[in-house]
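Asks: Provided below for reference: sequence and predicted model.
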Amino acid sequence: MSTVTSFLDIQGITVRFGGLTAVNKLSFQVQQGSIHALIGPNGAGKSTTFNCISRYYQPTEGCIVLDGQNITHWHPDRMAGVGVARTFQNLELFGELSVYENVLLGCHAHSANTLARLFSRPSAQTREWVDSLIERVGLSHDRDTRANELDFGHQKLLEIARALALKPRLLLLDEPAAGLRNRDIENLDRLLTELSQRDGITVLLVEHVMQLVMSISDCITVMSFGEKIAEGTPKEVRDNPQVIEAYLGKGATRA
Ligand SMILES: Nc1ncnc2c1ncn2[C@@H]1O[C@H](COP(=O)(O)OP(=O)(O)OP(=O)(O)O)[C@@H](O)[C@H]1O
Ligand SMILES: [Mg+2]
């Protein structure tokens, strides 16, 4: 039997905000090159978990191991260097800058002197790379549009393009489909599948749009009140009574 080593190993992390335990002894593993979804009702602790992986929050207990390295106490600035890129639930774009400039900034996330590099002329190779990413997420028509003039869904796509500019090995996406129209969700489905299957990028996403989660995920971890309540393939998770109960409340499974 072949042994599959996990690329990201979350080992019993706990996060507390004052008296509230947002994440409670959570463990799960993400396989290299897979699409792994983290789902659960509002307030389950999904974004908090993301913030631990990208190192914005410090778990009070547990370990985070990435590609064999214990990153639990790393500074967030080190994460780009090991190929971890993320998008945010509430967008972190430069609203006054164009789509092109936002993606260009993503290319420089490794660099200490981001602004100086933005205002120096990028090489032809960098410009082509940025344009190819903009095309990949379907924003070519808006290349020179200011980020804050895009609708929310397209801003989410822009965030993905900017994250890809880092050439990540692990892409963390917090609700990428929120605000997207059906056609854009289909494009996102195709894009994420391609990133995983063709580019070998490991994708961990938090998402409420079940149509997308069920279509693209290799594995789904379900959280409720900070804890893992289920895990498995889309089919296994969909048929799990505990999951149905977490979403719809007690008694739902008897209906
Ligand atoms: N910085 C913070 N300070 C205090 N409480 C927080 C903080 N961040 C999150 N929480 C609380 O921790 C719990 C988990 O929040 P989190 O944002 O991780 O949930 P989520 O699963 O991402 O929910 P949603 O689907 O609504 O985005 C919630 O009760 C939330 O109010
Ligand atoms: Mg969230």
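Replies: Noted; the coordinates are in hand. Ligands and ions are numbered 1, 2, ... in the order given.
Asks: Close to ligand 1: what parts of the stretch 1-150 of the chain are there?
Replies: 17, 20, 22, 40, 42-48, 89 (CB under 6 Å from any ligand atom). Using the backbone N, CA and C atoms, a C-beta is placed for each residue, glycine as well.
Asks: What about the residues you listed, which are in strands?
Replies: Using DSSP state E, 17, 20, 22 are the members of those that sit in strands.
Asks: separation between residue 70 and ligand 1?
Replies: Per CB to the nearest ligand atom, to the nearest Å, residue 70 is found 23 Å from ligand 1.
Asks: mind checking pLDDT for the residue lying closest to that residue once chain neighbours are set aside?
Replies: Nearest-residue entry for residue 70: residue 63, 6.0 Å, with adjacent residues in sequence omitted and distances by CB to CB, 6 or more residues apart in numbering. For residue 63, the pLDDT comes out at 97.
Asks: before we move on, the earlier item: out of the residues of the stretch 1-150 of the chain next to ligand 1, which two sit at the greatest distance?
Replies: 20 and 89 (18.2 Å; CB to CB).
Asks: For the two, indicate the residue with more neighbours.
Replies: residue 89 (16 against 10; other CB atoms under 10 Å).
Asks: Beta-bridge partners for the residue lying closest to the more buried one once chain neighbours are set aside, please?
Replies: Nearest residue to residue 89 in three dimensions, chain neighbours excluded: residue 174, at 4.3 Å (CB to CB, 6+ apart). Beta-bridge partners of residue 174, counted by DSSP bridges, are residue 206.
Asks: do the same with residue 230
Replies: residue 222.
Asks: Sketch out the helices for the stretch 51-200 of the chain, chain order is fine.
Replies: Listed in chain order, the helices of the stretch 51-200 of the chain (DSSP state H, counting those that start in this stretch) span 99-107, 114-119, 124-136, 152-164, 182-197.
Asks: Looking at those, which is nearest to residue 54?
Replies: helix 152-164 (10.8 Å).
Asks: helices or strands up against the closest one?
Replies: Using 3 or more CB pairs under 8 Å, 6 or more residues apart in numbering; DSSP states H and E, the elements in contact with helix 152-164 are strand 84-86, helix 99-107, helix 124-136, strand 170-174, helix 182-197.
Asks: what angle do the longest one and strand 170-174 make?
Replies: Pointing back at helix 182-197 there. Helix 182-197 runs at 160 degrees relative to strand 170-174, counting by axes from the mean of the first three to the mean of the last three CA atoms, to 10 degrees.
Asks: which residues are in contact with helix 182-197?
Replies: Helix 182-197 is contacted by residues 33-35, 136-138, 153-154, 157, 160, 164, 171, 173, 176-177, 180, 201-203, 205, 209, 211-212, 215-216, 218 when judged by CB atoms under 8 Å, 6 or more residues apart in numbering.
Asks: filter those residues to the buried ones?
Replies: 33-35, 136-138, 153-154, 157, 160, 164, 171, 173, 176-177, 180, 201-203, 205, 209, 212, 216 (16 or more other CB atoms under 10 Å).
Asks: Could you check how many residues crowd around the residue nearest to residue 70?
Replies: For residue 63, the tally of surrounding residues (other CB under 10 Å) stands at 15.
Asks: I figured residue 94 was touching residue 147, is that so?
Replies: Yes - between residue 94 and residue 147 there is a contact under CB atoms under 8 Å: 6.3 Å.
Asks: Need the overlap of contacts for these two.
Replies: With CB under 8 Å, 6+ apart, residue 94 and residue 147 have common neighbours residue 102.
Asks: So which of these two has more stuff around it?
Replies: More neighbours surround residue 147 than the other of residue 94 and residue 147, with 21 against 14 (other CB under 10 Å).
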